[in-house]
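>>> any chance you could fold what I've pasted below:
(one chain, ligands or ions: 3)
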Amino acid sequence: MEFILKAEDAKDWEYKGEGAANVVLSYRGSFFFLIGKVLRIQKVPRGQSKLRNEGMFLSSHERLIWRDVEGLAESTSKDIAGQVFMKRVISPLLGSKNIDGGIHITVSTEFLESIEKNICHQRPSWRVDATKVDTLCNSALLIADYSVFIRSIGTLKEEICFAVEIKPKCGFLPSSEFIAQGNVIKKHVTRFRMHQLFKLHNGEVFKLSEYNPLDLFSGKRERIYPAIAALLATPQNNFRVFLNGSLIVGGLGCGMDSAAICLNDTNRGIEDLTKITGLRLPRFVELVSEAIFSSAVLDQLLLAQKLDRFDIEGAIHAYYNVLSQPCEVCKTLTDNDHFQRCSLLHAFSLEESLMIVRDYLIAATAKDCSLMISFRPVEDGFATEFNSLFLKSCGQSFEYKVNFIDLDMKPLKKMVYYYGLDQKIVNLYNNCKQNEVCNGNTAE
Ligand SMILES: O=P(O)(O)O[C@@H]1[C@@H](OP(=O)(O)O)[C@H](OP(=O)(O)O)[C@H](O)[C@H](OP(=O)(O)O)[C@H]1OP(=O)(O)O
Ligand SMILES: Nc1ncnc2c1ncn2[C@@H]1O[C@H](COP(=O)(O)OP(=O)(O)OP(=O)(O)O)[C@@H](O)[C@H]1O
Ligand SMILES: [Zn+2]
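Ligands and ions are numbered 1, 2, ... in the order given. Here you go, the predicted model:
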């Protein structure tokens, strides 16, 4: 008999969080198979009811880009495309060890409608205004809950555990020759840093984050620690802490909490963590840093991000080649040298152009995914099937697990948006710099 979640099951699912595209719920019922799991449900922009497309999910150009990936071009839904993309494109790059594709389960429209109603008051209001549960979707993704440390399926033993969620964003500086002279700042200042200023300017955050992705991705202990400390100081949508599965630090998907509220909440969260685990703030930062350092999990992620070799300023020209359309960007270029250089990209073959765009899209996924690391204190010398580390400074051993989340495929049509956003971000940064408003965060 097929397993279906129906209206009466909705009460067992509790709001956990959401991003731009999905809402995530934790299971609070007693059905063995669902214990320790979360359900990831697709959302749609409000006012836009997505018509079910019974045919191919990918556009004809996307099918061309992904034609070498077995089963991807033929996908008939977002779910199927996502699953194939994760299995055949992302897992080989990031290593299957830290990725759980989850399973798709059938959900009734009534279940989704009840969920939409039940969680409405818990969602951030700006997310409610922008999106709603896609009640026309007939499946949802069931994944292990990484905010808890589960040792065996179907049990949630009463053990202390905590987890951090990190959205590290882009960990390198681009060096593409297709970056216009006027945008050369991109080669010296991180995208994250420039984007912060843009977000501040547009009221998307209250305070600039001091987090530097180059530190987090450095592979050096002494640089990872300040990166984690900076994330903790200004979590925005880049950092969350869960204690026994409940969110204690970081907001529900936005950076709109005022600096004071945020700091108060963080302090309270850390107090709770210290009370329950005995771990004080510096030791906690040390533990998270050590897990990132020892697991070297960001090395693979960085390689995947670096598939973006041409930067959007180069890849956008390849995009127009793929579409076989006149390039909308070349039309706007005023620097003749730069125009000549970009023209070279239009001489590339279709094969080369497809590869540039495909690699850019894979890198975009790698720049937007998050990492969840769950910890559990253990007796020293305790044999474990998981990674473990000993924190000398507090004489305590921990076992930990690292998992990537949000490895969704990015749609091809976003390329134009990516180019526009990039130009807006760099223009604003350049203007601010000229006005001597902003300070540099240059790479060494
Ligand atoms: O473009 P960016 O760098 O702002 O990233 C977007 C994220 O913004 P962020 O900068 O992390 O606050 C954005 O996150 P928020 O909605 O701001 O929490 C999404 O992750 C978006 O991806 P998608 O639309 O769900 O596929 C992300 O879009 P992609 O660029 O990954 O497609
Ligand atoms: N497997 C999981 N275990 C625990 N919590 C999870 C899991 N997957 C997602 N979450 C929580 O739900 C939130 C939203 O999930 P996710 O990042 O997949 O949404 P999204 O809409 O795809 O995000 P984005 O805005 O980056 O596109 C996460 O930030 C995380 O807090
Ligand atoms: Zn062009």
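
>>> only C-alpha atoms for contact and neighbour calcs from this point on.
Will do.

>>> separation between the residue of the stretch 1-150 of the chain found nearest ligand 2 and ligand 1?
For the stretch 1-150 of the chain and ligand 2, the shortest gap (CA to the nearest ligand atom) falls at Gly19, measuring 3.1 Å. Applying CA to the nearest ligand atom, to the nearest Å, the value for Gly19 to ligand 1 is 5 Å.

>>> how many neighbouring residues does that residue have?
When neighbours are defined as other CA atoms under 10 Å, Gly19 has 15 of them.

>>> the worst-scoring helix or strand of the chain on mean pLDDT packs against which elements?
In the chain, no helix or strand scores lower on mean pLDDT, DSSP states H and E than helix 259-277, which sits at a mean of 79. Helix 259-277 is packed against helix 221-233, strand 246-249, with contacts defined by 3 or more CA pairs under 8 Å, 6 or more residues apart in numbering; DSSP states H and E.

>>> try it again at 7 Å.
Using 3 or more CA pairs under 7 Å, 6 or more residues apart in numbering; DSSP states H and E as the contact test, the elements touching helix 259-277 are strand 246-249.

>>> quick one: mean pLDDT for the strand it packs on?
Average pLDDT, strand 246-249: 92.

>>> now do stretch 283-295
96.

>>> got the residues of the stretch 251-400 of the chain near ligand 2?
Taking CA under 6 Å from any ligand atom, the part of the stretch 251-400 of the chain that reaches ligand 2 is made up of Asp368.

>>> helices along the stretch 251-400 of the chain, start to end?
For the stretch 251-400 of the chain, helices defined by DSSP state H, counting those that start in this stretch occupy the ranges 259-277, 281-295, 297-305, 311-323, 336-346, 350-368.

>>> closest to Lys401 out of those helices?
For these, the distance to Lys401 is smallest for helix 281-295, at 9.0 Å, taking CA to CA.

>>> quick one: the closest one to helix 221-233, angle?
Interaxial angle of helix 281-295 relative to helix 221-233 (axes from the mean of the first three to the mean of the last three CA atoms, to 10 degrees): 130 degrees.

>>> and helix 281-295, which residues are buried?
By neighbour count on 16 or more other CA atoms under 10 Å, the buried set for helix 281-295 is Leu281, Arg283, Phe284, Val285, Glu286, Leu287, Val288, Ser289, Glu290, Ala291, Ile292, Phe293.

>>> ok so, going back, deepest of the helices of the stretch 251-400 of the chain, which one?
helix 311-323 (a mean of 23; mean count of other CA atoms under 10 Å).

>>> so what's the residue count around the closest residue to Phe398 other than its chain neighbours?
In this structure, Phe398 finds its nearest non-sequential neighbour in Pro377, 4.3 Å apart by CA to CA, 6 or more residues apart in numbering. The local packing of Pro377 (other CA under 10 Å) involves 18 other residues.

>>> these two touch, right, Pro377 and Gly395?
No - with contact defined as CA atoms under 7 Å, Pro377 does not count as touching Gly395 (10.9 Å).

>>> angle of the longest helix belonging to the chain against helix 311-323?
Criterion DSSP state H: the longest helix present in the chain is helix 414-434. Helix 414-434 runs at 150 degrees relative to helix 311-323, counting by the same axes, to 10 degrees.

>>> next, count neighbours for the nearest residue to Ile312 once chain neighbours are set aside.
Spatially, and ignoring its direct neighbours in sequence, Ile312 is nearest to Tyr419 (5.9 Å; CA to CA, 6+ apart). As a burial measure, Tyr419 scores 17 neighbours (other CA under 10 Å).

>>> now do Cys170
Neighbour count of Cys170, defined by other CA under 10 Å: 24.

>>> that one and Lys367 touch, don't they?
Yes - Cys170 is within contact range of Lys367, at 5.0 Å (criterion: CA under 7 Å).

>>> what touches both of the two?
Taking CA atoms under 7 Å, 6 or more residues apart in numbering as the criterion, Cys170 and Lys367 both touch Gln305.

>>> if we can go back for a sec, against ligand 3, how distant is the residue nearest to Phe398?
55 Å (CA to the ion, to the nearest Å).

>>> now do the contacts for that residue.
Counting by CA under 7 Å, 6+ apart, Pro377 touches Ser397, Phe398, Glu399.

>>> ditto for Leu112
Contacts here follow CA under 7 Å, 6+ apart; on that basis Leu112 touches Val133, Thr135.

>>> and if we set it to 6 Å?
Residues near Leu112 by CA atoms under 6 Å, 6 or more residues apart in numbering: Thr135.

>>> relative to Trp126, how far out is it?
Distance from Leu112 to Trp126, counting by CA to CA, to the nearest Å: 20 Å.

>>> now swap in Thr234 and tell me
In this view, Thr234 and Trp126 are 20 Å apart by CA to CA.

>>> name the SS class of the residue of the chain found nearest ligand 1, please.
In the chain, the residue that lies nearest ligand 1 is Ala20 (3.9 Å; CA to the nearest ligand atom). Going by DSSP: H, G, I helix; E, B strand; the rest coil, the secondary structure assigned to Ala20 is coil.

>>> what do you get for the one 4 residues further on?
Using three-state DSSP, the structure places Val24 in strand.

>>> pLDDT below threshold where in the protein?
Scanning the chain for pLDDT under 70 picks out 1, 49-54, 151-158, 252-263, 380-384, 436-444.

>>> what domains does the record give for this protein?
The chain breaks down by the TED database into domains covering 4-72+100-145, 163-432.

>>> kindly report the residues of the stretch 51-200 of the chain close to ligand 2.
Counting by CA under 6 Å from any ligand atom, the residues of the stretch 51-200 of the chain close to ligand 2 are Ile143, Ala144, Asp145, Tyr146, Ser147.

>>> let's see that with 5 Å instead.
For the stretch 51-200 of the chain, the residues in contact with ligand 2 (CA under 5 Å from any ligand atom) are Asp145, Tyr146, Ser147.

>>> please, which helix or strand holds the residue of the stretch 151-300 of the chain found nearest ligand 3?
At 10.5 Å from ligand 3, Phe178 is the closest residue in the stretch 151-300 of the chain, using CA to the ion. Following DSSP states H and E, one finds Phe178 outside all helices and strands.

>>> need the phi and psi values for it.
Phe178 adopts backbone torsions of phi -90, psi 0, taken as degrees, to the nearest 10.

>>> same deal with the one 3 residues further on?
When quoted as degrees, to the nearest 10, the phi and psi of Gln181 stand at phi -50, psi -40.

>>> how many neighbours does Lys413 have?
By other CA under 10 Å, 12 other residues sit near Lys413.

>>> what does Gly95 give?
Neighbour number of Gly95 under other CA under 10 Å is 12.
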